[in-house]
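**Q** need a 3D model of the sequence below.
(one chain, ligands or ions: 2)
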Amino acid sequence: KSLIQLEGLTKVFETEEVETHALSNIHLTIRQGEWVAIVGPSGSGKSTLLAVLGLLDTASRGTYLLDGRSVLELSPSDRALVRNRHIGFIFQSFNLIGDLTVFENVELPLTYRGMPAAERKQRVERALEKVGMAHRARHMPGQLSGGQQQRVAVARAVAGDPLILLADEPTGNLDSKNGEAVMQLLSELHKGGATICMVTHDPAHARVATRTVSLFDGRVVQDEQRR
Ligand code: ADP
Ligand code: ADP
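**A** Ligands and ions are numbered 1, 2, ... in the order given. Modelled structure (predicted):
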């Protein structure tokens, strides 16, 4: 089943006299269960593509169907609802809230969604167990290593059972050992059925994905399916 369908997606940034085509006429379909690595040189459009996929930004032209639903013409508030309910984000810099506990960080998107407290508790505990961080639920992010913080961020991303996980350089701020552990975690999530779209600079990490989409100058220049 195709989860994401982009047709003729174009994103133009207009600043002062300059027009930048960050994405030019992208056609891309991502099916349920795929693990897609987005690669390409700096400035090729990777962050912009992830931001549009994650409904953090809109496009200038084209269509985006998320699970069959056209999402680009939604109002900003409906877009935020779809994002909160259906998309899980993992960032390079973890983006945990420093004065909330691990538990509260994972719980926050579920609270925004209006989920009852008992269900939130159950989901947070399950997600923290999945990433091996249940024993750190009462800790503050600052008491954890970078690798542990990223595991918590993964728990936050998956706690709401999103349609798709979007990861922007998820190992970019980690040493190689912690980076491998996060890749292993993504691998387990993928085996469990998760659909993942990940920006990476690391060719070894891209090879772990089932498919590599290469961008250059805002265009898809290669799309390699491995299995
Ligand atoms: P990558 O993530 O591959 O490094 P980006 O998606 O960040 O590439 O950027 C693609 C192009 O769009 C670059 O030329 C960049 O300078 C430009 N760009 C990205 N975001 C903005 C913005 N907010 N305003 C203007 N130009 C932007
Ligand atoms: P990455 O590290 O993923 O390549 P960038 O350094 O390209 O990210 O961009 C970091 C942030 O700055 C992004 O949010 C992007 O949208 C924004 N940005 C990139 N290029 C420009 C630009 N020319 N003008 C304004 N904002 C930009």
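**Q** now do the strands in the chain.
**A** Along the chain, the stretches classed as strands by DSSP state E are 2-15, 18-31, 35-39, 61-66, 69-70, 87-90, 164-168, 196-199, 211-216, 219-225.
**Q** contacts for the first one?
**A** Same thing as strand 2-15. 19-32, 45, 48, 52-53, 57, 59-67, 163-164, 195, 197, 218 (Cβ atoms under 8 Å, 6 or more residues apart in numbering). The way it works is simple: take the backbone N, C-alpha and C, and place the C-beta from them, glycine included.
**Q** list the buried residues of it.
**A** Leu3, Ile4, Gln5, Leu6, Leu9, Lys11 (16 or more other Cβ atoms under 10 Å).
**Q** and the protein, which residues reach ligand 1?
**A** Within the chain, the positions adjacent to ligand 1 are Phe13, Thr15, Thr20, Ala22, Gly40, Ser42, Gly43, Ser44, Gly45, Lys46, Ser47, Thr48 by Cβ under 6 Å from any ligand atom.
**Q** now for the closest residue to the fourth one other than its chain neighbours, how many residues are close by?
**A** For Ala22, the nearest residue in space outside its immediate sequence neighbours is Thr48; the separation is 4.1 Å by Cβ to Cβ, 6 or more residues apart in numbering. Thr48 sits with 22 neighbouring residues when counted by other Cβ atoms under 10 Å.
**Q** and if you look at Asp217?
**A** 14.
**Q** ok, and the closest non-adjacent residue to it?
**A** Per Cβ to Cβ, 6+ apart, closest to Asp217 is Ser44, 6.4 Å.
**Q** do Gly193 as well
**A** Gly33 (6.1 Å).
**Q** and that neighbour, what's its pLDDT?
**A** Here the pLDDT value assigned to Gly33 is 97.
**Q** bridged to the most centrally placed residue in the chain, which residues?
**A** For the chain, the residue whose C-alpha lies nearest the mean C-alpha position (Cα atoms, centre = their mean) is Leu166; its distance is 1.3 Å. Beta bridges link Leu166 to Phe89, Cys197 when assigned by DSSP bridges.
**Q** how far does stretch 170-177 stretch from one end to the other?
**A** End-to-end distance of stretch 170-177 (Cα to Cα, to the nearest Å): 13 Å.
**Q** my error: substitute stretch 73-91 in the last question.
**A** By Cα to Cα, one end of stretch 73-91 lies 26 Å from the other end.
**Q** and it, which residues are buried?
**A** So for stretch 73-91, counting by 16+ other Cβ under 10 Å, buried means Leu74, Arg79, Val82, Arg83, Asn84, His86, Ile87, Gly88, Phe89, Ile90, Phe91.
**Q** identify the residues contacting that stretch?
**A** Contacts for stretch 73-91 (Cβ under 8 Å, 6+ apart): 53-56, 58, 66-67, 69, 71, 95, 109, 112-113, 150, 153-154, 156-158, 160, 162-168, 170.
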